[in-house]
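> Could you look at this predicted model? Sequence included:
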Amino acid sequence: MPTRFYFSGRVALYRMALACKTEDTIALVPDYICNVVPKSFQEAGLKVCSYPTDNYFEPSIQAIQQLTKDQSSVLLCLAPIMGAEGGVSWICSPAGRLWRTQNNITLFVDLSQNISRLKQLSNIALGQQLVLMASFNNKAFPGVMGAVVVSDIHDPLFKAAPRSEQLAVSKQLVKQILKPIFKLIREQTHPHSLQQRHQSTLEYSYCQQFPYTFVHSGATKLQIAIAITGLWFSRYYQWCKQRYLKKGLIVPKQTPFYLSASYILAESTTMQLRKKLPYACHNNPDHSERPDTLAYHFKGFDDH
């Protein structure tokens, strides 16, 4: 299937939703997910509904099937997070593929938290009306946005990134490199400044400032180069994760893909990993469906 590189994961979701929507299309998304996912579909003009997931973020297949009944056009988004399987095995099974065909389901599989699964899934016959998407900014390695899409759905609005965006992304990368340095200097100069600053308790994106808006299209050359470099080091990242486990530095909950996921569920005694803020609800930045979720960043290096 054709492969395209987009400016960011949210742009990829937004553009592909625009490309496949009809007047009556509804988008089904997990009940616990980054608010950017439902916002991308909403910005594209789709009605967004959620399906329930369990404590390990596995979807209720029965609920999904019930929600799609009597719907003329459905976009189903499976978004495995925290190492979850995410319903992908079911949708890949003969029963899942038959259900998709009988109910005219357009399938989006968002692998933004586990880009390593993209190659495996792109080699499986999943049928038509399919979007496989992964973000380069999946926290497994440093990045400046960017996303890859494998899909049989044509995007008539797709265009290459102009020079202005190429330059803006370069500036953004420089800021990312310098930010930790300035932060260290600021904390040494003003040791109480960090405590005085407001600390967010939930993760939420308003998608209003560069590079987090929906106005872009194709990825820049720099974004693609960083992504390729990150993937090239993927075996090293796996080794780092295994080293953490052997040393007993973490106590992970062994979801199906916890070893390759960028975020994982772990015991509260896991002090070596940076805790991830719970996702806030779409259109409600002060509320979370799971405010007590113990999720952690798990690269296997520099996780403090």
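Okay, I see it.
> From here on, just use CA atoms for contacts and neighbour counts.
OK.
> residue contacts, the residue positioned nearest the centre of the chain?
Centroid-nearest residue in the chain, with C-alpha atoms, centre = their mean: Ser112, separated by 3.0 Å. By C-alpha atoms under 8 Å, 6 or more residues apart in numbering, the contact set of Ser112 is Gly9, Ala79, Met133, Ala134, Ser135, Phe136, Asn137, Asn138.
> per-residue confidence for it?
You'll see Ser112 listed with a pLDDT of 92.
> how close does it get to Gln62?
25 Å (C-alpha to C-alpha, to the nearest Å).
> got it, and Tyr263?
Counting by C-alpha to C-alpha, the gap from Tyr263 to Gln62 is 27 Å.
> For the two, work out which one has more neighbours and name it.
Neighbour count, other C-alpha atoms under 10 Å: between Tyr263 and Gln62, Tyr263 has more, with 25 against 10.
> got any ranges where the stretch 1-150 of the chain has weak pLDDT?
Confidence mapping of the stretch 1-150 of the chain against pLDDT under 70 gives the ranges 138-143.
> the helices in it, which residues?
For the stretch 1-150 of the chain, applying DSSP state H, counting those that start in this stretch gives helices covering 9-20, 36-43, 61-67, 88-92, 94-103, 118-122.
> ok, now which ones touch Lys241?
By C-alpha under 8 Å, 6+ apart, the contact set of Lys241 is Leu259, Phe298, Lys299, Gly300, Phe301.
> Specify the beta-bridge partners of the nearest residue to Lys275 once chain neighbours are set aside.
Take Lys275 and drop its neighbours on the chain: the residue closest to it by C-alpha to C-alpha, 6 or more residues apart in numbering is Tyr296, 4.5 Å away. Beta-bridge pairing for Tyr296 (DSSP bridges): Ile264, Lys275.
> wait, what's in contact with Tyr296?
By C-alpha under 8 Å, 6+ apart, Tyr296 lies in contact with Tyr263, Ile264, Leu265, Ala266, Leu273, Arg274, Lys275, Lys276.
> do the same with Val149
Thr3, Arg4, Phe5, Tyr6, Ala12, Val131, Leu132, Met133, Ala134.
> Identify the bridge partners of it.
Beta-bridge pairing for Val149 (DSSP bridges): Arg4, Met133.
> So what's the residue count around Gln71?
For Gln71, the count of nearby residues is 13 (other C-alpha under 10 Å).
> From Lys21, how far out is it?
From Gln71 across to Lys21, the span is 13 Å (C-alpha to C-alpha).
> Packing partners of the biggest helix by length in the chain?
When the chain is parsed with DSSP state H, its longest helix is helix 163-189. Here helix 163-189 touches helix 193-196, helix 221-232, going by 3 or more C-alpha pairs under 8 Å, 6 or more residues apart in numbering; DSSP states H and E.
> Got the phi and psi for Cys281?
The phi/psi pair for Cys281 (degrees, to the nearest 10) reads phi -70, psi 150.
> so who does Thr106 touch?
Neighbouring residues of Thr106 by C-alpha under 8 Å, 6+ apart: Cys20, Ser73, Val74, Leu75, Leu76, Arg100, Gln128, Gln129, Leu130, Val131.
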